[in-house]
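[1] what's the 3D shape of this:
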Amino acid sequence: MKRIFSFLLFAFFIFTTGNLLAIEVGALFSMGNLTLGDRTETTSTISGTTFPWSIEVTGTEKLNDMFTLEAGFYRDPILRNTAYTLFTYQIDFLHIGVGPFFGIFNSTGTILKSGIVTSLRIEVPGITFVEFRSDSTIGGRLVSPGEYLQSRSDVSAGFYLRNAIMSVNLRSKEFIEKTATGELIDKQVDYEFQTNIFQKNVPYRILLTLGYRTLTKSWVPASGTTTTHTLNSILIGTKFDLALSDNFSLIGDLESSVYNFGTGGAAGTDPLTMPASGIGIFLFNARIGFSLNLDVIYPEPIVIK
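    Predicted structure coming up:
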């Protein structure tokens, strides 16, 4: 633990004493009812009236031509509270990143859970790219109630067109918590095809997504049979990034489910009953946020002494 805190102190020293060449900060707030929600093993319905929220705050600083520092905090219905710091080294077509990862205040029994985040991007500029990222807490077998494990992984591959970037993505998130009777597992897996549309001198970008999502909640008893509830959704997403000025952009994102099916109930095999009327008939996730480029506001490097 002392080594981890020393590493964070070193990161803070670099961030506050170096020349701030290019800093970008952003925040996103999300809310929606596309969720399994708080449920028991006997629940066999999707209410559509539960709206968990999430928030993501990030900051990126370009230390020099080769090193970039990124830090962030996000609260997620699957992963709960997470903070990370990522140092990325870039040389030619290769980007390699590593840094600490923490679960914060996700359990009264475990206030701080440490981990590591790694990333790798291989890119032929203007032609194609492949990208990997993994966030994972350190630890193995869970022993005491309240202990938990968090993991997130992203795999992307794509290519560039004249005014668009086409990509396929596989994203997964998982939270495993030790309970008094066994383990509780929340998991989300996304399969996506995305088209990022842009044009030079046009103040907006559009990201179109066609995806398939699987949400699962599993109750794993110390002895006996595991019960798993599953919600499968076909999704269409539209995201706008609107530049209101040279340094400030608004972000809006709507993720809509066009078809849902799944299983639940005490055995985990009963068909899930979907909302038939009211607001719950439309399952969605919506996000709104901003991006602020401080390098445009302060074009000269800022030296903090």
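[2] low-scoring stretches of this protein, by residue?
    Counting by pLDDT under 70, the chain has low-confidence residues at 1-22, 296-305.
[3] where along it do the helices fall?
    Remark: helices assigned in the chain by DSSP state H are 2-17, 294-297.
[4] wait, Leu283 sits on Val258?
    No. Leu283 is not in contact with Val258 according to Cβ atoms under 8 Å; the separation is 9.4 Å. No exception for glycine: its C-beta is placed from N, CA and C like everyone else's.
[5] of those two, which one has the most company?
    Legend: neighbour count by other Cβ atoms under 10 Å for Leu283 and Val258, higher for Leu283 (22 against 10).
[6] look up phi and psi at the more buried one.
    phi -90, psi 130 (degrees, to the nearest 10).
[7] run a quick neighbour tally on the residue lying closest to Tyr74 once chain neighbours are set aside.
    Closest residue to Tyr74 apart from its sequence neighbours, by Cβ to Cβ, 6 or more residues apart in numbering: Glu56 at 4.0 Å. Using other Cβ under 10 Å, Glu56 has 17 neighbouring residues.
[8] likewise Ser256?
    Ser256: 17 neighbours (other Cβ under 10 Å).
[9] repeat that for Leu94.
    Using other Cβ under 10 Å, Leu94 has 11 neighbouring residues.
[10] wait, isn't it in contact with Ile122?
    Yes. Counting by Cβ under 8 Å, Leu94 does reach Ile122; the two are 6.1 Å apart.
[11] gap between Thr225 and Trp219?
    Distance of Thr225 to Trp219, given as Cβ to Cβ, to the nearest Å: 9 Å.
[12] neighbour count winner among these two?
    Trp219 (19 against 9).
[13] and that one, what does it touch?
    41, 182-184, 226-228 (Cβ atoms under 8 Å, 6 or more residues apart in numbering).
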